[in-house]
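**Q** fold the stuff below for me.
(2 chains)
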There are 2 protein chains.
Amino acid sequence: MITIYGAYNYPSVFDGLFRDLRPLWALEELGLAYRIHWMDPMKGEHREAANRSVNPFGKIPSMTDDAFKLFESGAIVNYLFEKSGRSPEGADARAIEAQWCFAALNTVEPPLLEIAMWDVFWAGRAGREERRAELVEAARARLAELDGALGDRPYLTGAELSPADILMATSIRFGRHEPGVLAQAPRVKAYVERCEARPAFQRALAAQGKGPGSAAAA
Amino acid sequence: MITIYGAYNYPSVFDGLFRDLRPLWALEELGLAYRIHWMDPMKGEHREAANRSVNPFGKIPSMTDDAFKLFESGAIVNYLFEKSGRSPEGADARAIEAQWCFAALNTVEPPLLEIAMWDVFWAGRAGREERRAELVEAARARLAELDGALGDRPYLTGAELSPADILMATSIRFGRHEPGVLAQAPRVKAYVERCEARPAFQRALAAQGKGPGSAAAA
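**A** Presented below is the predicted three-dimensional model:
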């Protein structure tokens, strides 16, 4: 049985900021059974022994699959697709899949997440105006570049959704604090909407944060 | 032939901040022949057409292997190891390798890189003292957690160096601006020294930034 270690009971200001949405979305796409081990981040439960025994950094999400333990949302999503026989074949295709996974988490997510951090946690800090403007400009440029790279493909690696899309679409969603970052990226905007319209995404979004007593409680 | 798109001709304040060290180190470990396509980042050459045709984000590094194009240092290093027949066998081992690659780039690198950014680029900005103290504390905690997770293994996944080590050791090196982050991580400190002592790392460090006219010029 697969167990996802996820967050619940947090104020709505945190909505969309927990990355457990990624494995939940992958599980729903793949039709795999799972439970959720709920943790209250406001009580620091993600930093307690149960999660630390899976994830030494005490972050969200982590996963167990019977005795196998795994952390980092990027690794978990790829593991679930491989477990379902949906990994790319051939070294080149695997490298391109990895390229877009790393691009999502290391090139696209950072400026968008930092905008959200300034708005949610650091609104009163000195230097916000200067840094935020810089981040919006960086995010806008990166999403415009992504728009050109995506072209008319429905998903990053072709016609089918892959782990890279789960990581990329959820990364771009951090930018909901500043919709203007998508101004020069109409195809990326349509791409995120295409991802969000998938029934599996909707089921994952409904499951995220539900907490003990919901259907998937571990 | 493999070509790495790397940086040269930059002021010494940028030393250690370009991620082309990662593919160069991997190539030296694997004994693969390569050339370097040098770009002057102070002239914005990484944002010109040659690099953009490989990497739509115009970042450093990118790679071509004959007609195959790839970007993101994490993807390039994994591709090179797979090309050399040095990828893990089995879904669990591949997932653990990926876990440490993502942990390096998404959990360990961010606070260390941001410390370097505040010191190199944002030294005069408002809010530096508060944010820098917070980052040093976060980095110290993460490296202490990594210390526990690493335990007495020589490398992240066991006895042999893997892509995750190339990404992790270079990520930790961003912290050279603030050596105190390793205060509670003696095994991580020894791990980085073990990585840096490898002849392949030393050759990569010597090749990085050398520029046109050096042996590896494309």
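**Q** give me the neighbour count for residue A:137.
**A** Counted with other C-beta atoms under 10 Å in any protein chain shown, residues neighbouring residue A:137 total 12. C-beta coordinates here come from the backbone N, C-alpha and C atoms, glycine included.
**Q** tell me, what's the model's pLDDT at it?
**A** Residue A:137 is assigned 97 on the pLDDT scale.
**Q** so it sits in a strand?
**A** No: with DSSP: H, G, I helix; E, B strand; the rest coil as the criterion, residue A:137 is helix rather than part of a strand.
**Q** for it, give its distance to residue A:131.
**A** 11 Å (C-beta to C-beta, to the nearest Å).
**Q** equivalent analysis for residue A:188, please.
**A** Computed as C-beta to C-beta, the residue A:188 to residue A:131 distance reads 23 Å.
**Q** nearest residue to residue A:110 in space, ignoring adjacent ones along the chain?
**A** Of all residues not flanking residue A:110 in the chain, residue B:110 sits nearest, at 7.3 Å (C-beta to C-beta, 6 or more residues apart in numbering or on different chains).
**Q** helix, strand, or coil at residue A:38?
**A** Using three-state DSSP, the structure places residue A:38 in strand.
**Q** surely it meets residue A:3?
**A** No: using C-beta atoms under 8 Å, residue A:38 is not in contact with residue A:3; the gap is 10.6 Å.
**Q** distance of residue A:129 relative to chain B?
**A** Residue A:129 is 10 Å from chain B, where distance means C-beta to the nearest C-beta, to the nearest Å.
**Q** what's near enough to touch the spatially closest residue to residue A:208 that is not a sequence neighbour?
**A** Counting by C-beta to C-beta, 6+ apart, residue A:208 lies nearest to residue A:21, which is 5.1 Å off, once chain neighbours are set aside. Going by C-beta atoms under 8 Å, 6 or more residues apart in numbering or on different chains, residue A:21 touches A:170, A:204, A:205, A:208.
**Q** before we move on, what about residue A:30?
**A** Taking C-beta under 8 Å, 6+ apart as the test, what residue A:30 contacts is A:80, A:81, A:83, A:84, A:86.
**Q** just the element for the most far-flung residue of chain A relative to its centre, please.
**A** Farthest-out residue of chain A from its mean C-alpha position, per C-alpha atoms, centre = their mean: residue A:126, at 29.1 Å. Counting by DSSP states H and E, residue A:126 is held by no secondary-structure element, helix or strand.
**Q** wait, isn't it in contact with residue B:131?
**A** No: under the criterion of C-beta under 8 Å, residue A:126 makes no contact with residue B:131, lying 9.2 Å away.
**Q** re earlier: got a quick ChimeraX command for the buried subset of the contacts of residue A:30?
**A** Applying 16 or more other C-beta atoms under 10 Å in any protein chain shown to the contacts of residue A:30, the buried members can be selected in ChimeraX as follows:
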select /A:80,81,83
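**Q** where does chain A have low pLDDT?
**A** Along chain A, segments meeting pLDDT under 70 span A:215-218.
**Q** kindly report the residues of it close to chain B.
**A** A:56-59, A:68, A:70-75, A:78-79, A:82-83, A:91-92, A:94-96, A:98-99, A:101-103, A:105-107, A:110, A:125-128, A:130-131, A:142, A:145-146, A:148-149 (C-beta under 8 Å from any C-beta of the partner chain).
**Q** picking up where we left off before, which among the contacts of residue A:21 gets closest to residue B:14?
**A** Using C-beta to C-beta, residue A:170 is the member of those that sits closest to residue B:14, with 31.9 Å.
**Q** re earlier: where's the residue nearest to residue A:110, which helix or strand?
**A** Following DSSP H and E, one finds residue B:110 within helix B:109-120.
**Q** which other helices and strands contact that helix?
**A** With contacts taken as 3 or more C-beta pairs under 8 Å, 6 or more residues apart in numbering or on different chains; DSSP states H and E, helix B:109-120 sits against helix B:128-150, helix B:163-173.
**Q** try it again at 10 Å.
**A** Applying 3 or more C-beta pairs under 10 Å, 6 or more residues apart in numbering or on different chains; DSSP states H and E, we find helix B:109-120 packed against helix A:109-120, helix B:128-150, helix B:163-173.
**Q** out of these, which one sits most buried?
**A** Of all these, helix B:163-173 has the most neighbours on average by mean count of other C-beta atoms under 10 Å in any protein chain shown, namely a mean of 25.
**Q** quick one, it and helix B:128-150 angle?
**A** 150 degrees (axes from the mean of the first three to the mean of the last three C-alpha atoms, to 10 degrees).
**Q** just how off-centre is the following helix or strand past helix B:163-173 within its chain?
**A** Remark: after helix B:163-173, the chain's next helix or strand is helix B:186-196, criterion DSSP H and E. Centroid separation between helix B:186-196 and its chain, computed with C-alpha atoms, centre = their mean, to the nearest Å, is 15 Å.
**Q** just the residues of chain A next to chain B: which are in strands?
**A** When DSSP state E defines the strands, the subset of those inside them is A:68, A:70, A:71.
**Q** just among these, which is most surrounded?
**A** Counting neighbours by other C-beta under 10 Å, residue A:71 leads those with 25 neighbours.
**Q** residues touching that residue, list them.
**A** Taking C-beta atoms under 10 Å, 6 or more residues apart in numbering or on different chains, we find residue A:71 in contact with A:5, A:51, A:54-64, B:99-100, B:102-103, B:107, B:149.
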